[in-house]
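Novice: Predicted model follows, preceded by the sequence.
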Amino acid sequence: MASTADKLVADYLKRLNGELRGLSRVRRRELVDEISEHIAEARADLESENEAAIRTLLDRLGEPEEIAAEATERFGVVPRKAGWKEVGALIMLPIGGVLLPVLGWFIGIVLLWISDAWSTRDKLVGTLLFPGGLLLPLALGVMAEGSSGCSTPVGTECPPDSGGTGAWQVALVVMLLLVPLVTTVYLARRLGRTSAATI
Amino acid sequence: MVAQQDALLAQMRRGTLQYCVLSLLADEERYGFDLVRGLAVSDGMVTSEGTIYPLLSRLRRDGLVESTWQESPAGPPRRYYRLTEAGRAALEGFKLEWRRFRDAVDHFVERTD
């Protein structure tokens, strides 16, 4: 039983934390701490801790959206403009690895994760869809050129006698080029969305 | 009409809630949960308990209340809130205005009785 209750409370606090993303980090932490303290006090007051009692308790607190709306109204809005972390991440993720092999991409990842502007889901997308950014496709592109001996520009076909591998590799490289670029655009748009949602 | 009245009540509650909080802190310091339950006792003052916390945080930032950590008899330490001088002055100012306003409104609405 205790685990169901703990899970309900943890879910609630997680949702609250997410909803409060528009506030400054300090303010958000303070509110989440206070409300988790409130929940702990209220739980200690319960005669018996069953799921219904926990749900009632959380209902009395109100929806996280409601608390967040109140907080936004009381504090006004912290304008979430793209700071150096966000700009840095958007530059280093795609081309950092090319400018400064491997390490540049890692710098982008660090900036992505220390920024407040993206949700954890966005950060995972940014990390997993990009291993190495544009470094990998460029390296593969060079290899493909070398191995197939086909120097036609991307998009045109190699002579049939060079085998299917050349075309196949070109397609792979194009896809690998597109994925980091699309992901960068996605992250940039999520940044725009966050500011639109909080204003 | 009912919806309109609900909206009006919400507005009135919203405008006066912070002074209710200051009033609860006038004589004694309280911790968050205690304060929230104190407000919840008065029917209709608070619909969602959690919304008190952004208000408390705002009052603290405005210097109307201050908080200290104190050991609790059971469990982790609690953050206790108390009025500052500025908070007390704001509360006194509100009381004067509130009485004047209440009397003015009463003057009209009570005529019909």
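Specialist: Sure thing, it's come through. Numbering: from 1, shown residues only, chains lettered A, B, ... in the order given.
Novice: Would you mind pulling up the elements that whichever strand or helix holds B:L9 packs against?
Specialist: Assigned by DSSP states H and E, B:L9 belongs to helix B:2-24. Counting by 3 or more C-beta pairs under 8 Å, 6 or more residues apart in numbering or on different chains; DSSP states H and E, the packing neighbours recorded for helix B:2-24 are helix B:32-41, helix B:52-61, helix B:85-109. The way it works is simple: take the backbone N, C-alpha and C, and place the C-beta from them, glycine included.
Novice: can the ones you listed go into JSON lines with extra columns for mean neighbour count and mean pLDDT?
Specialist: Formatted as JSON lines, those follow (neighbours: other C-beta atoms under 10 Å in any protein chain shown; pLDDT from 0 to 100):
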{"stretch": "helix B:32-41", "mean neighbour count": "18", "mean pLDDT": "86"}
{"stretch": "helix B:52-61", "mean neighbour count": "21", "mean pLDDT": "93"}
{"stretch": "helix B:85-109", "mean neighbour count": "12", "mean pLDDT": "95"}
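Novice: With distance to chain A as new columns, can those be given to me in TSV?
Specialist: Conversion of the helices and strands packed on helix B:2-24 to TSV gives the following (distance: least, C-beta to the nearest C-beta, whole Å):
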stretch	distance to chain A
helix B:32-41	4
helix B:52-61	4
helix B:85-109	16
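Novice: Pull the helix holding B:L9 out as PDB, backbone CA atoms only.
Specialist: Output of helix B:2-24 as PDB, limited to C-alpha atoms (Å, rounded to 0.1, in the frame of the first residue of the first chain):
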ATOM      1  CA  VAL B   2     -24.800  32.200 -11.100                       C
ATOM      2  CA  ALA B   3     -21.700  32.000 -13.200                       C
ATOM      3  CA  GLN B   4     -21.300  35.700 -12.900                       C
ATOM      4  CA  GLN B   5     -21.600  35.500  -9.100                       C
ATOM      5  CA  ASP B   6     -19.000  32.700  -9.000                       C
ATOM      6  CA  ALA B   7     -16.600  34.900 -10.900                       C
ATOM      7  CA  LEU B   8     -17.200  37.800  -8.600                       C
ATOM      8  CA  LEU B   9     -16.700  35.600  -5.500                       C
ATOM      9  CA  ALA B  10     -13.500  34.300  -7.000                       C
ATOM     10  CA  GLN B  11     -12.300  37.800  -7.600                       C
ATOM     11  CA  MET B  12     -13.200  38.900  -4.000                       C
ATOM     12  CA  ARG B  13     -11.500  35.900  -2.500                       C
ATOM     13  CA  ARG B  14      -8.500  36.500  -4.600                       C
ATOM     14  CA  GLY B  15      -8.200  40.200  -3.600                       C
ATOM     15  CA  THR B  16      -8.700  39.500   0.100                       C
ATOM     16  CA  LEU B  17      -6.900  36.200   0.600                       C
ATOM     17  CA  GLN B  18      -3.500  37.700   1.200                       C
ATOM     18  CA  TYR B  19      -4.900  39.800   4.100                       C
ATOM     19  CA  CYS B  20      -6.600  36.700   5.600                       C
ATOM     20  CA  VAL B  21      -3.100  35.100   5.600                       C
ATOM     21  CA  LEU B  22      -1.600  38.200   7.200                       C
ATOM     22  CA  SER B  23      -4.400  38.200   9.800                       C
ATOM     23  CA  LEU B  24      -3.800  34.600  10.700                       C
END
